[in-house]
Each structure stands twice: as structure tokens, then as C-alpha cells.
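[1] Fold the following.
(2 chains)
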Amino acid sequence: MIETMTAFLILIPVGLAAFNLFVLVSTTQINEQLAETASRAAATKGDQQGALNAAQDAVDHVATSNVIQSAALEQVNFDPVAGFVNVTTTMVVKLPVPLPYFSEANCRANSIQPIVSTPAPR
Amino acid sequence: MRKSKRRSQRGASIILIAALAILLIVAVYLAFRFSMIEGGSNEVRNVVDAAALNVSKKAVQIKVPAGTGYQELADTSGMVGLANINRVWGKAYLINANLQSMQSTGQVGQNASGNAEEAYQQAQAINDQLASSLMNKQALDLYFNQVANNRAARMLGSDATVSTDANKSWATAMVNRGDESNLSLLPQQIPPGAKAVTVKRGGKLFMAGYTPFQANNHPFTFTTFHIGEMPHLCGDSYFEQNRNDTNPIPEARNPLPNAFEESGQAGTSQATVLAAACAVANPMRSYNLALPHCYVSVTFTNTAQWFVEGKQVKTTKYGYEPQTYWEVKQYPLPPAKGGGKLDGYASLGNEYKHPTFWGVFSSLPGDHTVALIPVLQRLQEICPNFTMNQLVGLLTNQPFDPNNQTYYLYPVYNTPDLVDPQIKCSTPANLPGWLNPNAPTDGTPLSVMQEGVQTDIPNYDWENITGGSSPQGPHWTKVSGNIFWSPGTGYNSCLGTLYVTRLTQCYFNGP
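    Sure thing, here's the model as predicted:
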């Protein structure tokens, strides 16, 4: 009995923590990919507003779930002088095993892409 | 004995649980590390994709000086890059196609072949210099690192940055072979006797990319750039199939690449991740096949031949407005014709009585648009959409100035890259700075039209016999014209000269 209790006390928390970790790592990667997709879409546009709309459209296509509570566009910086667009996305992740004071996590990802919509100079 | 056995079993369970816990923790740690490496690997792939895309986008910024003969096709910085290299080849092609056309009609002048050869070699030199620059690892690495240095593979570690392999050169490829280049054309721009390989896209005709064809026994290769397409990533296998080192384009002389591949790596002390990406360049700018800053000239010359009793006694020139000429003076007539001395007069230049160029040009009988066909073809090498109606309209609106025998048809532009030609006509007094009116046509003339012969119109003559049996005898004029076309390759800006030669024969006789 003591052995069983000990086992539960050690193995179950470790297992649950591992599950939380797995979910966190997975959603971080999903968010990274979302930032990548959004920035690639933004890079094909010709101005800040177009880039913003394209990135927002990509973010709007994210399917939310019990784990991924929401995805949002934090910033789109379309810089035609430098030739890059910088997109930051955030994702609110609800941990499957909530811990005291830590039931949600905020993932943040950033992606820089070259603006490909600009024609060569005359 | 029983007690000892129980203690032993309990100890075994604790050890088992401890071992399982350790195993579980190790497994969790390994899974975590694996997922971090996997995530880092994705990050590296994304960074390399973005960096390679940046290279394909910035490849159009790699440029070389335009050099002699192609300055007007350079961009505003005076350079030639992937965006306008097809324009350079387009000009070289037209010059050589013009020569080939001149060869087919036997109108090659002394300098024509040398000019065409020079144009080809100059274009090839620009091409080779650009090709060398596009393979320059340092330049391409710079563009790669502009992105790579700003994006870390954080999942691999805080110090994991992506960089190119210092020991590996960039791979390049010529993808989309046989598809359109960024140089469009109209069929009528190709001079008779020459050919080009073209491809139709969206209702427009383009020079085919990476499909060498011959003009004047030289291969011409254009670079493929899909119209309406942005720089983009492409598949590794497609890239590999189109590499020039493994799958060269037959007959092409140092073709320029339009796709680039690079690998990047990121590593920490624990792991190194490699990724490669291929991207296709596209300047997103297309041009018309054209010879900017070229011209065609039209020259009028008049000759009068003076005959007395069927014998030519004089040849003179006459001017470009009606005027009376007295060129036979006191010519002795034979006694059989009553003797005396004949003075012969003629009113010449009446064919120039019209106020406009077109009126003067078409003043003698005949379909003068026939004579304009080669002129129009050359003007379409400057301005592809130019039509016969526009040409006739232009000449109709051009006032004829009796003090000028030569007129120039040339383009004017509003854009710095000379892509919006509008053909103008003017006298030497109003020519643009780039036009050298003394540039010789490098072809030889051939008649393209005979104007109808007229008697006593528009020029006429009269005579006066002093000391003879009668003051007058039969007299008449024959007015005719011959129009010659002397083509040019365009190398020295001159695409040809149309010579309008008018002849008035004045016949005088005794009574």
C-alpha cells in the first residue's frame, strides 16, 4: 500500500507535468508556424494595410479548442524601405492539467519575411 | 524467516518504483529534448526558407554596368541586372536579326556585319559579368544573412543562430525552361528573314526563356520570368532537375540563373541542424522588345535632266518649292531644224507645292504606303504598337519645310526607362540630344517603289528660239520618281533611310 501511494505521489505528478510540457511545446510550435504563415501572407502585399489584412486572415483561420483558447495578431510591421515584414502572433494556451496560479500560458512567436511584392527598381 | 522475506519484497518494490521514476523522468527529458530539436529544426527550416527567399528577391539588385551600346537600356542607376538583361539581349537580337534580314535582300553595307558582331559581343560581355556576379557567394550570403541573422532558432538554444555553410558555394538553376521571359513582342517587330522562339501567355507574345535560337549565326538565350509571379520557394527535386551543372541548356552561352539554393545550419554544443531551400527570382517587371533611341530618316533629292533634240545637254539639281530654272541657254539648233539658238526654261519643284510631308511624299502617282512598309517595320522595332495609319497621320501632320530635305522619325519618352515611346517627326533643327543625324545607315539602298511617270505635270517647261525659222518647237517634261530603302541594323541608332528621288526630264526641240 505504501509503495503504491509512493508510486502515485511520484509518478502521477511527473506524468501530468510531462503532459503539460508536451502541450506547451506543441502549441509553441503551432504558434511559430502561425507567425510564419501570417508573415508569408503579409510579405506578398504592397502596403501596411494589405499586410495587416493578410496576416489577420491567416490568424483568423486558426481553429481554437479547449487547449488553444485564442490566437491573435500582436503586430505587423511592414517596412518597404528595409524590404521586410515582421509579424508577431500570440496564442493563449490552457494547460490540460491546471496548476495553482498557472492554468494558462501565453505563447508569443515572431517571424520576419522579405517583402516579395515589390518590383525591381526601374 | 517469514519476516525476512517480507522485508525483502518491500525493498524490491521501492527500488522498482525508484527505477521507474528515474526512467520516466529520463524519458520525459528525452522527449522534451527531442521535441525541442524537432521544433528547432522547424525553426531552422523556416529561417532558411525566408533567407533563401530574400536571396531570390534581392538577386535582382545584383547589377553590372551597362557598358558601351546599351546605356539606354540600363536602369536609372545606369546598371543592368536580372530585371533588364532580357532588354539587352532583345536589342542585340534585333540588331542581328536586322543584319540577317539585310543579308537576305543583299543590302549589307560595309560596316553592318561588324556592327552586329559588336552588338552581340557587348551583350555577351554584360551577360557574362552579370552571371559571374550572380554566382558570387559573398553577395548572396549577405542577402541570406540579412534574414538569417535576425531570426534565431530559439528552440535549439539561446545562442543558436542560422548561418550559411562557409565552405559551400551557392547552387543555381534555370527553372521554367521554355516558359515566358519578361520581354514581350509583336510578330511584326521581327524583320523579314529572321526568326525568334516565342511563347504566348495571357494573350501576349513573349520571347521564350532558356530556349536558345539563332540570329546571324549567334545563339540568343532569354531568362525565364513568369509574368505576374513573385519570388517564391520551389521544390528541391525540381531545382535539381534544372541545375545548369547537371542539366545544361544546349547551345546556350552562359545562361543566367533564375533560381538559387542555399543551406543554412544552426547548432549548439549539443546539436546541429541543417536545412536547405530553393527559391525562384522574379523582377516583376516586364518590357517590350524594342530598340530605344533609334530613328529612321527620309531624304528627298531632285534631279533635272535637260535634253535638246533628244540629246542630254545638262543635269542639274532643283529645290523643294516651285521655281523657274533657265538651264539651256542659247543652244545652237542645226540648220535642218531652222537654225537659231534655243533657250530652255522649266518650272520645277511643283511636286513640293503641298504644305505637308505626306502631300509632298505622295504627290506623284502610286501607292506610297508600299514604300513605307520597311519604314514601319523599323519603327515598330522602336515602338511595337505603331501602325501604318499612325505613320501616315504623323506625316500628314508634319509641315513640309522647303529648306529641309531630310526628316527624322524618332521616339520621345516620358519615363526614365524608355518604355513609353511615341514616334515624332521633325527636321534636323528640332532633334533630341541623343540623335546623331550624321550616323550613317549601314545598309545599301534598294528600290521599293517606282512612282508613276507624268507628262508636263506637275513640272513643265517652255522654250524660246531666237534667230530661227520659228520661236518655238515641241517641248515637254517627264516627271517620275523612285523610292529607295536603305536599311540599318540600328547599332549606331540609324535603322534606315528612305530616299525619295524625283527626276524631271525636260525635252526641247527645234520647230
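[2] low pLDDT regions in chain A?
    By pLDDT under 70, the weakly predicted segments of chain A are A:1, A:3, A:7.
[3] Just give me the neighbour total for residue 21.
    No chain in the question, so chain A it is. 16 (other CB atoms under 10 Å in any protein chain shown). In short, each C-beta sits where N, CA and C put it, glycine included.
[4] Chain B is the one I meant
    What B:A21 shows, counting by other CB under 10 Å, is a neighbour count of 16.
[5] With B:Q188 instead?
    15.
[6] right, is stretch A:25-32 up against chain B?
    Yes: using CB under 8 Å from any CB of the partner chain, stretch A:25-32 reaches chain B at A:25-26, A:28-29, A:32.
[7] Adding distance to B:Y491, secondary structure and neighbour count, write those residues out as CSV.
    CSV is the format used below for the residues of stretch A:25-32 next to chain B (distance: CB to CB, whole Å; DSSP: H, G, I helix; E, B strand; the rest coil; neighbours: other CB atoms under 10 Å in any protein chain shown):
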residue, distance to B:Y491, secondary structure, neighbour count
A:V25, 67, helix, 19
A:S26, 66, helix, 15
A:T28, 63, helix, 21
A:Q29, 61, helix, 20
A:E32, 57, helix, 23
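[8] Show me chain B divided up by domain.
    Chain B breaks down by automatic domain parsing into domains covering B:36-288, B:295-508.
[9] and the last one, anywhere near chain A?
    Yes: in terms of CB under 8 Å from any CB, part of domain B:295-508 sits within range of chain A, namely B:415-417.
[10] try the longest one
    Yes: judged by CB under 8 Å from any CB, domain B:36-288 and chain A are in contact via B:36, B:38-39, B:42-43, B:46, B:50, B:53-54, B:57-58, B:60-61, B:75-77, B:81-83, B:147, B:150-151, B:155, B:230-232, B:283-285.
[11] Among those, name the buried ones.
    B:36, B:39, B:42-43, B:46, B:50, B:53-54, B:57-58, B:60-61, B:75, B:81-83, B:147, B:150-151, B:155, B:230-232, B:283-285 (16 or more other CB atoms under 10 Å in any protein chain shown).
[12] Tell me the pLDDT of B:Q270.
    According to the prediction, B:Q270 has pLDDT 66.
[13] Quick check: A:L52 touching A:V76?
    Yes: counting by CB atoms under 8 Å, A:V76 is a contact partner of A:L52 at 4.8 Å.
[14] so how far is the biggest helix by length in chain B off the chain centroid?
    Ranked by number of residues, the top helix in chain B under DSSP state H is helix B:2-58. Centroid separation for helix B:2-58 versus its chain: 63 Å, with CA atoms, centre = their mean, to the nearest Å.
[15] same for that helix, what does it pack against?
    When contacts are defined as 3 or more CB pairs under 8 Å, 6 or more residues apart in numbering or on different chains; DSSP states H and E, helix B:2-58 sits against helix A:2-43, strand A:102-114, helix B:137-148, strand B:232-234, strand B:259-267, strand B:272-280.
[16] how big is the angle separating the fifth one from helix B:2-58?
    Which is strand B:259-267. 150 degrees (axes from the mean of the first three to the mean of the last three CA atoms, to 10 degrees).
[17] Could you list the paired strands of strand B:259-267 along with their orientation?
    With DSSP bridges as the test, strand B:259-267 is paired with strand B:163-164 (antiparallel), strand B:171-173 (antiparallel), strand B:272-280 (antiparallel).
[18] pLDDT below threshold where in the stretch 251-400 of chain B?
    The low-confidence ranges in the stretch 251-400 of chain B, as defined by pLDDT under 70, are B:268-270.
[19] and the closest residue to B:W326 other than its chain neighbours, bridged to which residues?
    Of all residues not flanking B:W326 in the chain, B:Y345 sits nearest, at 5.1 Å (CB to CB, 6 or more residues apart in numbering or on different chains). B:Y345 forms beta bridges with B:W326, B:W462, as assigned by DSSP bridges.
[20] Around B:Y345, how many other residues sit close by?
    Neighbours of B:Y345 using other CB under 10 Å come to 19.
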